[in-house]
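In: Predicted model follows, preceded by the sequence.
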Amino acid sequence: MLVPPDMMAAQTRIIYQMNRFCAERVQARIFKTATAIREICKIVQDILKEVELQEPRFISSLVECNGRFEGVEVISPNEFEIVLYLNQMGVFNFVDDGTLPGCAVLKLSDGRKRSMSLWVEFITASGYLSSRKIRARFQTLVAQACDKSIYRDMVKMIGDTTEVKLRIRERFVVQITPAFKCSGIWPRSAAHWPMPHIPWPHPNIVAEVKTEGFDLLSKESIVMQNKNNNAASMEGDAWVLSFFEAENRLLQGSCRRRCLSILKTLRDRHLDLPGNPISAYHLKNLLLYECEKHPRDFEWDESCIADRLNGIFLQLISCLQYRRCPHYFLPSLDMFKGKSPSALEQAAKQVWRLTREMLTNANAFEKL
């Protein structure tokens, strides 16, 4: 098919602008983030070393591998989450019956005695391994470690939360989350994935992702807000499902990761709004949905990135207007839960302004 010269010229110009945006804006963000991660991980490693001395069950899993730290997630330019993987989950059954969207419980296996568990004092009367009790113990240990740390003048525990959150150098907020890695099993609440009629991802990748499994995080769940006391109590014992590694694996190949980096950069520069209605994680999930709509690798070439970005932002506007953003692996989980309607409304207007600029201005990326 013959393509008009002016269309070819316009596409070439967009690719040039996109490459320049990546070389300047995206790389600057990546460098700034990497510098921040290195700085905070050095301090957190020192604190976790002291925690481990006090309580050997909390072994630090924060190690550098091939120039990057495993288990670190960037929430925003100044906010990070570090996952601390715990040992020995073996005597518990993983129970995922959909009672708590986005959560699961760990129940003592039939015939197993409490004393067989490494975490015996955190098991409830009903036989559940309590996420909240483990987190409370960990929080106490981290507070003590901060007081002893050589960095104590620049690290403060953040109060008014059951989470373990540190403020470092008055610039960064770091949440340290105890977790169990669940390999070789797949949650029932995500059993629908992948959709049978969609050719993405490839069956080999699906098998790889399901074998790798998922994580169970000890953290507060927004899903249970405004629920009754009994449900809230059960939620406190429950663990939050996380598919962080699975998501990263799915985004390998073609320009999908590059697309995510551009989305994060645009979010930090233009959509870092009061109440944090739009996080990098919202964009990551919408990117995965876009991968299903455009399953072939050639649809993620550099010549197509602008179209993919527009598609993702239009979908984001729709989600903001309907005040619902379904999790990619757990569609019953609304990631906008707990966000104020006014914050979502303002965010929708701001995303539309950004999208309109990208759709109507051929030179948009020179200014973005």
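Out: Perfect, thanks for sending it.
In: low-scoring stretches of the chain, by residue?
Out: 1-9, 89-90, 111-112, 223-235 (pLDDT under 70).
In: can you give me the helices in it?
Out: All helices of the chain, identified by DSSP state H, fall at 5-21, 27-54, 131-148, 203-212, 229-237, 244-250, 256-270, 280-293, 305-322, 341-360, 364-367.
In: In contact with the most centrally placed residue in the chain, which residues are there?
Out: Centroid-nearest residue in the chain, with C-alpha atoms, centre = their mean: Y281, separated by 5.1 Å. For Y281, the contact set (C-beta atoms under 8 Å, 6 or more residues apart in numbering) comprises I75, M335. (Each C-beta comes from the backbone N, C-alpha and C, glycine too.)
In: now it: how far from R257?
Out: Y281 is 15 Å from R257, where distance means C-beta to C-beta, to the nearest Å.
In: List the buried residues for stretch 347-358?
Out: Residues of stretch 347-358 classed as buried by neighbour count (16 or more other C-beta atoms under 10 Å): A347, A348, Q350, V351, W352, L354, T355, M358.
In: what does it contact?
Out: Residues contacting stretch 347-358 (C-beta under 8 Å, 6+ apart): 266, 270-271, 273, 277-278, 306, 309-310, 313-314, 316-317, 320-321, 364-365, 367-368.
In: Could you rerun that using 10 Å?
Out: Outside stretch 347-358, the residues that touch it by C-beta atoms under 10 Å, 6 or more residues apart in numbering are 14, 266-267, 269-271, 273-278, 282, 306, 309-314, 316-323, 336, 339, 363-365, 367-368.
In: wait, R257 sits on I305?
Out: No. Checked against C-beta atoms under 10 Å, the pair R257 and I305 is beyond contact range at 11.4 Å.
In: The two: which is more packed in?
Out: I305 (21 against 14; other C-beta atoms under 10 Å).
In: In contact with the more buried one, which residues are there?
Out: I305 touches I14, I15, M18, N19, C22, S254, C255, R256, R258, C259, I262, counting by C-beta under 10 Å, 6+ apart.
In: Which residue comes closest to the last one once chain neighbours are left out?
Out: With sequence-adjacent residues excluded and distances taken as C-beta to C-beta, 6 or more residues apart in numbering, I262 is closest to V26, at 6.1 Å.
In: For the one you found, grab the count of nearby residues.
Out: That count, for V26 with other C-beta under 10 Å as the rule, works out to 19.
In: the inter-axis angle of the biggest strand by length in the chain versus helix 131-148?
Out: Assignment by DSSP state E gives strand 172-182 as the longest strand of the chain. Using axes from the mean of the first three to the mean of the last three C-alpha atoms, to 10 degrees, the direction of strand 172-182 lies 140 degrees away from that of helix 131-148.
In: Indicate each strand paired with strand 172-182 and its parallel or antiparallel sense.
Out: Strands adjacent to strand 172-182 in the sheet, as given by DSSP bridges, are strand 79-85 (parallel), strand 165-168 (antiparallel), strand 214-217 (antiparallel).
In: Turn those strands into TSV, including distance to V51 and mean neighbour count.
Out: Formatted as TSV, the strands paired with strand 172-182 follow (distance: least, C-beta to C-beta, whole Å; neighbours: other C-beta atoms under 10 Å):
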stretch	distance to V51	mean neighbour count
strand 79-85	9	21
strand 165-168	12	20
strand 214-217	18	23
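In: So for R249, which of those sits nearest?
Out: Taking C-beta to C-beta, strand 214-217 is the member of those nearest to R249, at 11.5 Å.
In: gap between the spatially closest residue to S279 that is not a sequence neighbour and D272?
Out: Nearest non-adjacent residue to S279, counting by C-beta to C-beta, 6+ apart: I75, 6.4 Å away. In this view, I75 and D272 are 11 Å apart by C-beta to C-beta.
In: Likewise for C259?
Out: 19 Å.
In: before we move on, what about G127?
Out: Distance from G127 to D272, by C-beta to C-beta: 44 Å.
In: Of those two, give the one with the bigger neighbour count.
Out: G127 (16 against 13).
In: Tell me if I'm right that that one and V120 touch.
Out: No. In this structure, G127 is not within contact of V120 by C-beta under 10 Å, at 11.6 Å.
In: Find residues that contact each of the two.
Out: L108, R114.
In: I'd assumed L100 was in contact with I222.
Out: No. Contact criterion C-beta under 10 Å: I222 and L100 do not qualify, at 11.7 Å.
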